[in-house]
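# how does the following fold in three dimensions:
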Amino acid sequence: ASDLLASVGLTPWLNAPASHLSGGQQQRVAVARALAMKPALILADEPTGNLDSKSADSVFELLQRVCKEQGTAVLFVTHNPLLAQRCDKTIKVVDGRVGES
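The predicted structure follows:
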């Protein structure tokens with residue numbers, strides 16, 4: 001758990017109660033929690049949505065590393081086109097229609 005919290009930049013808050021964490025910090029805890037069981041698939045809805053750009057980059061890079069090192073597939077939804085461009089594959093949904101890009 002300590003290593004996962006460190007991987008999302010939360011070592012200074014290791015023993016802090018959840019009520020003392022910001023929304024972005026709580027979101028990073030959720031990412032660490034999702035990785036704890038080393039799942040084959042992670043489904044994430046806007047995993048970087050409430051994060052500042054530095055934290056968002058850190059979380060995105062962590063998810064990429066988990067994909068490569070553990071073979072975990074990550075499917076996430078984002079409205080951030082710059083983040084989507086960094087993905088291996090994207091699927092756009094516009095007005096209820098699905099299409100690859």
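
# show me what the longest helix anywhere in the chain is packed up against.
If you go by DSSP state H, the chain has its longest helix at helix 53-70. Contact partners of helix 53-70 among helices and strands, from 3 or more Cβ pairs under 8 Å, 6 or more residues apart in numbering; DSSP states H and E: helix 23-36, strand 41-45, strand 73-77. For every residue, glycine as well, the C-beta is placed using N, CA and C.

# can you do 10 Å?
helix 2-7, helix 23-36, strand 41-45, strand 73-77, helix 81-85 (3 or more Cβ pairs under 10 Å, 6 or more residues apart in numbering; DSSP states H and E).

# deepest of those, which one?
A comparison of the helices and strands packed on helix 53-70 by mean neighbour count, using mean count of other Cβ atoms under 10 Å, puts helix 23-36 on top with a mean of 17.

# give me the contact list for that one.
If you take Cβ atoms under 10 Å, 6 or more residues apart in numbering as the criterion, helix 23-36 is touched by 1-10, 12-13, 16, 18-19, 21-22, 42-44, 46-52, 55-56, 58-60, 62-63, 66, 70, 72, 74.

# likewise for stretch 59-76?
4, 7-9, 24, 27-28, 31-32, 34-35, 38-49, 51, 78, 80, 83-84, 86-89, 91.

# rerun at 7 Å
For stretch 59-76, the surrounding residues in contact (Cβ atoms under 7 Å, 6 or more residues apart in numbering) are 7-8, 28, 31, 35, 38-44, 47-48, 51, 83, 86.

# what comes up buried for it?
For stretch 59-76, burial by neighbour count (16 or more other Cβ atoms under 10 Å) applies to 59-60, 62-63, 66, 72, 74, 76.

# okay if I get those as TSV plus distance to residue 95?
Output for those, formatted as TSV (distance: Cβ to Cβ, whole Å):
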residue	distance to residue 95
59	29
60	27
62	32
63	28
66	32
72	31
74	25
76	21
